[in-house]
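Visitor: Pasting the sequence and the predicted coordinates here, then a few questions.
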Amino acid sequence: MLSLEGLQIVQDDFRLEADLTLAAGARIAVIGPSGAGKSTLLGAIAGFQPAQAGRILWHGDRIDTLPPGRRPLSMLFQDQNLFPHLTVAQNLGLGLDPSLRRVDHRAVDAVLERVGLSGLSARKPAQLSGGQQSRAALARCLLRARPILLLDEPFAALGPALKAEMLALLAETAGPALVLMVTHDPGDARAFADQTVLVAEGRAEPARPTATLLDHPPPALAAYLGQG
């Protein structure tokens, strides 16, 4: 269980507050207007964004006092963060050992097979299609096998068919991990997430059933969706 207790993030005139609890293994979308703080929320959970007040707990233990690398999570960004000078296998291996000296190559091959990239371990990112790069970036997160997976619009640049394919792959491979996925597309939220966190007007609201939230949106979400 991931709990954000009295969390406050303040940057100049920007302020975001959160009090919410998310169950282990849940599939959660994070949606809201541009600039509302969706990526900031994930950054705070990951440890990249400092909070001015509050606590972040995983199964009752504080993780907000830990550096990013020691938190029980992996994060996937929109730009995938694949190093162009490294092979696919080396990019994945970084998730296990930044020195690449202690990498279980059988585990790398196994996760590449899970995401449909068998036989491509020696290729560089530039030799992959956009969809294959997304699969490689997801594979690196899966290889780390952390219980929380944060996704900051990682499939936004993909076309509709590829994006739907990646969402299905994510649902199939994420296993018991708690997944929080920032998206600007309500269709993605409906397709992937049973529950959705609305970030708007300075607050990250407790998760609500996705269909209920999108079918009966509060004013801030309705305006964002063009229904106001």
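Guide: Great, that's in hand.
Visitor: Wait, Ala220 touches Ile31, no?
Guide: No: judged on CB atoms under 8 Å, Ala220 makes no contact with Ile31 at a distance of 10.8 Å. The way it works is simple: take the backbone N, C-alpha and C, and place the C-beta from them, glycine included.
Visitor: Point to the residue nearest the middle of this protein.
Guide: The centroid of the chain falls nearest to Leu151 when counting by CA atoms, centre = their mean (1.6 Å).
Visitor: Comparing Ala220 and Ile31, which shows the higher neighbour count?
Guide: Higher neighbour count among Ala220 and Ile31: Ile31, with 27 against 18, using other CB atoms under 10 Å.
Visitor: gap between the more buried one and Asp152?
Guide: According to CB to CB, to the nearest Å, Ile31 and Asp152 sit 13 Å apart.
Visitor: Residue ranges in the protein under the pLDDT threshold?
Guide: Scanning the chain for pLDDT under 70 picks out the ranges 80, 228.
Visitor: redo that, cut-off 50
Guide: Applying pLDDT under 50 to the chain picks out no residues at all.
Visitor: Return every residue with contacts to both of Ile31 and Asp152.
Guide: Lys38, Val182 (CB atoms under 8 Å, 6 or more residues apart in numbering).
Visitor: Could you list the domains of this structure?
Guide: Following automatic domain parsing, one gets these domains for the chain: 1-72+149-228, 78-145.
Visitor: so how far is the first residue of the shortest one from its last?
Guide: According to CA to CA, to the nearest Å, domain 78-145 extends 20 Å from its N-terminal end residue to its C-terminal end residue.
Visitor: can you give me how far that domain is from the chain middle?
Guide: Computed by CA atoms, centre = their mean, to the nearest Å, the chain-centroid distance of domain 78-145 equals 17 Å.
Visitor: Same check on the longest one?
Guide: Centre-to-centre, domain 1-72+149-228 and its host chain are 8 Å apart (CA atoms, centre = their mean).
Visitor: returning to what we had before: if I follow the layout properly, the residue nearest to the centre of the chain ends up in contact with Ala177?
Guide: No: between Leu151 and Ala177 there is no contact, the gap being 10.7 Å when judged by CB under 8 Å.
Visitor: can you give me the helices for this protein?
Guide: Listed in chain order, the helices of the chain (DSSP state H) span 38-46, 88-93, 105-114, 130-144, 160-173, 186-192, 210-215, 219-224.
Visitor: got the buried residues for the first one?
Guide: Put plainly, it is helix 38-46. Going by neighbour count (16 or more other CB atoms under 10 Å), the buried part of helix 38-46 is Lys38, Ser39, Thr40, Leu41, Leu42, Gly43, Ala44, Ile45, Ala46.
Visitor: Perfect, I'm done here.
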